[in-house]
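>>> need a structure here:
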Amino acid sequence: MKSITVKVLDDEDQIVVDNLVHLGLRRIVAEAVVYLDYVDETTAEEMAVATGRQQAQTSLALRDLRRRGWIHETRQYSRKPFKIRDGMYYKSSLTLTIPEIEEVLMRRLNAPIIG
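This next block holds a predicted model:
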């Protein structure tokens, strides 16, 4: 069994997630955006643990981020002969910060930001 250390979203992060949801993003996508803002590079498995979501939900969020062009994907090839699949790593391709994203989404919807 392997052990990994993963950053997890806390209550302050959930406020940011709630703002992004209020501005039109799906919750799983908002959680992924906030998590990617904190880490340099991550795997889908780490993101699932950090956001408390199942792997299938994380895959949906990553698909949406990929469609929007908000993430970069890199494939890390395994040197281990018994490993079948290569590792996919994701990092944010956004040049905007979370407050700037909120501002852009708010302008689109003309909606107030909570809290």
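>>> Check the burial of Ile101 by counting its neighbours.
21 (other Cβ atoms under 10 Å). For the C-beta atoms, the positions are set from N, CA and C on the backbone; glycine is no exception.
>>> show me the contacts for it.
Shown in contact with Ile101 (Cβ atoms under 8 Å, 6 or more residues apart in numbering): 20, 33, 94.
>>> Let's have those residues in CSV, adding pLDDT.
Output for those, formatted as CSV (pLDDT from 0 to 100):
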residue, pLDDT
Leu20, 85
Val33, 89
Leu94, 79
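>>> Just the ones of those in helices?
20, 33 (DSSP state H).
>>> ok, which stretches of this structure are helices?
Per DSSP H, the chain carries helices over the ranges 11-22, 27-38, 44-51, 55-68, 98-109.
>>> which stretch among the ones you listed comes nearest Gln76?
helix 44-51 (12.7 Å; Cβ to Cβ).
>>> rewinding a little: among the contacts of Ile101, find me the one that's closest to Leu60.
After measuring the contacts of Ile101 against Leu60 - Cβ to Cβ - the closest member comes out as Val33, at 13.6 Å.
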